[in-house]
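J.: Model the structure of this input:
(chains A and B)
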Amino acid sequence: MTHAGLVPAESPSLSPGPISGPKPANLGDILERVLDKGIVIAGDIRVNLLDIELLTIKLRLVIASLDTASQVGINWWKADPWLSADAANGSDQRALEEENRQLRSRVKALEARSRDDG
Amino acid sequence: MTANRGWVWMYGVTGEPPGAFADGAAGVGGVPPRTITAAGLTAVVGDVGDGEYGEAALRRNLEDLDWLARTARAHHAILEAAAERGPVVPMRLATLFTSDAGVTGTLRDRAEDFRKALSLIGARSEWGVKAYAVKPADPAGAPGRPAAGPDGQATGPGAAYLQRRRAQLTASKDASSEAMASARTVYAELSRFAVSSRLYPPQAPDLAGQQAPMVLNAAYLVADERAGEFATAIDDLIATHRFVQLTLTGPWPAYSFVGEGDGSGPR
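T.: So this is what the prediction gives:
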């Protein structure tokens, strides 16, 4: 899955024509879509993914990336009011940061716990 | 049928029945999908057992990365197969019903939402575009060789190291801000070809399978007749933005463009 240089290894042939894509898709791409996107309807089973607070992989997917992003200063998509409705409002921004901070400490605790278990 | 024997896993909703799935199109739990039609809509579903997909089991299993990966891939594979034949509204992972009646009821109750979503994504596809910051080449000035002083004596490995390190830091800071500027431009440029676009948080390097930091993770809903233009635009951007590496994925079932609360971007 690693590729170097400017030629995108996962890119389909970049020429106009019938649409055909590369497969299989990377797991991160699939997870962020099936866990976070897609239409949400109330099924008969009450396991709403959002209710599963300890959904480890989801936390890793989202929080770890936010963490990495802020560490290297790559959070323009969060701060740019033109791109992010949340960023347009300073207090929302602070609320997000606070939430992020809390989630991060929970992830740390969880990881410590899972290390103990393992 | 008792409620606890098994569950009906819902993958997505199409307008026309998608037709028979290819042999060996194993869905979640290794079970091939089937369809349920009501209200002029077709749900693509599969039958799964209570032992693995019941409420308690599901909570446990969703925490298990291997199980989750397997299940997510199976869910996605069926949606992808359906999307090849026509628009499909993807359900979020683990949308489960006790019986076909629950699915039928949902198709009827939410018919208008499904139809609206189907008309939005018809003849359009989702494409993913990611950009990674590319590390700059080592700064000029023979790295690793200490500079010699006037008396022929090296200025010392310590000083040389600091000098080199300073140059590296400056170069990497410039590259990083340039990469971010590029990401912004790329996002905006490509939006011109799309009906709609979404930003995801950058993925962690582990999941992205890439060590370079991701500076852009976006999804675009592009009309199929503009897919060629979109790809060409990416080609052009690759040529002009040297601090980022761009990758294109897709076409995806339109996961990112069917949910409620559209336009909110990453949560």
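J.: Find the closest residue to chain A in chain B.
T.: With C-beta to the nearest C-beta, the shortest gap between chain B and chain A falls at residue B:228, namely 2.6 Å. Any C-beta I mention is one placed from the backbone N, CA and C, and that applies to glycine too.
J.: residues from the stretch 1-150 of chain B in reach of chain A?
T.: The stretch 1-150 of chain B comes close to chain A at residues B:7, B:10, B:12-13, B:54-55, B:58-59, B:62-63, B:65, B:68-69, B:72-73, B:75-76, B:80, B:89-99, B:102, B:106, B:110, B:113-114, B:117, B:125, B:128, B:133-134, as judged by C-beta under 8 Å from any C-beta of the partner chain.
J.: what about the chain, any weak spots by pLDDT?
T.: No chain specified, so I'll use chain A. Low-confidence regions of chain A, defined by pLDDT under 70, span residues A:1-24, A:45-96, A:116-118.
J.: My question was about chain B, not that one.
T.: Per-residue confidence of chain B (counting by pLDDT under 70) places the weak regions at B:1-4, B:22-24, B:135-155, B:172, B:205-210, B:260-267.
J.: ok, back up a step: of the residues of the stretch 1-150 of chain B next to chain A, select the buried ones using a ChimeraX command.
T.: In ChimeraX, the members of the residues of the stretch 1-150 of chain B next to chain A classed as buried (16 or more other C-beta atoms under 10 Å in any protein chain shown) are selected with the following command:
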select /B:7,10,12,13,54,58,62,63,68,72,73,75,76,80,89,90,91,92,93,94,95,96,97,98,99,102,106,110,114,117,125,128,133,134
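J.: Could you list which of the residues of the stretch 1-150 of chain B next to chain A belong to helices?
T.: The members of the residues of the stretch 1-150 of chain B next to chain A that map onto helices under DSSP state H are B:55, B:58-59, B:65, B:68-69, B:72-73, B:75-76, B:80, B:102, B:106, B:113-114, B:117.
J.: re the thing from before, tell me which element the residue of chain B closest to chain A falls in.
T.: Here residue B:228 is covered by helix B:227-240, with elements defined by DSSP states H and E.
J.: to the chain's geometric centre, what's the distance from that helix?
T.: Helix B:227-240 has its average C-alpha position 19 Å from the chain's average C-alpha position, going by C-alpha atoms, centre = their mean, to the nearest Å.
J.: Now do the buried residues in it.
T.: B:227, B:228, B:230, B:231, B:233, B:234, B:235, B:237, B:238.
J.: could I have that helix exported to PDB, CA atoms only?
T.: Output for helix B:227-240, consisting of C-alpha atoms alone and laid out as PDB, is shown next (Å, rounded to 0.1, in the frame of the first residue of the first chain):
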ATOM      1  CA  ALA B 227     -15.500  12.200 -14.400                       C
ATOM      2  CA  GLY B 228     -13.000  12.500 -17.200                       C
ATOM      3  CA  GLU B 229     -12.600  16.200 -16.700                       C
ATOM      4  CA  PHE B 230     -12.200  15.600 -12.900                       C
ATOM      5  CA  ALA B 231      -9.400  13.100 -13.500                       C
ATOM      6  CA  THR B 232      -7.700  15.500 -15.900                       C
ATOM      7  CA  ALA B 233      -7.900  18.200 -13.300                       C
ATOM      8  CA  ILE B 234      -6.200  16.000 -10.800                       C
ATOM      9  CA  ASP B 235      -3.500  15.300 -13.300                       C
ATOM     10  CA  ASP B 236      -2.900  19.000 -13.800                       C
ATOM     11  CA  LEU B 237      -2.800  19.600 -10.000                       C
ATOM     12  CA  ILE B 238      -0.300  16.800  -9.600                       C
ATOM     13  CA  ALA B 239       2.000  18.500 -12.000                       C
ATOM     14  CA  THR B 240       1.700  21.900 -10.400                       C
END
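J.: Enumerate the beta-bridge partners assigned to residue B:46.
T.: residue B:9 (DSSP bridges).
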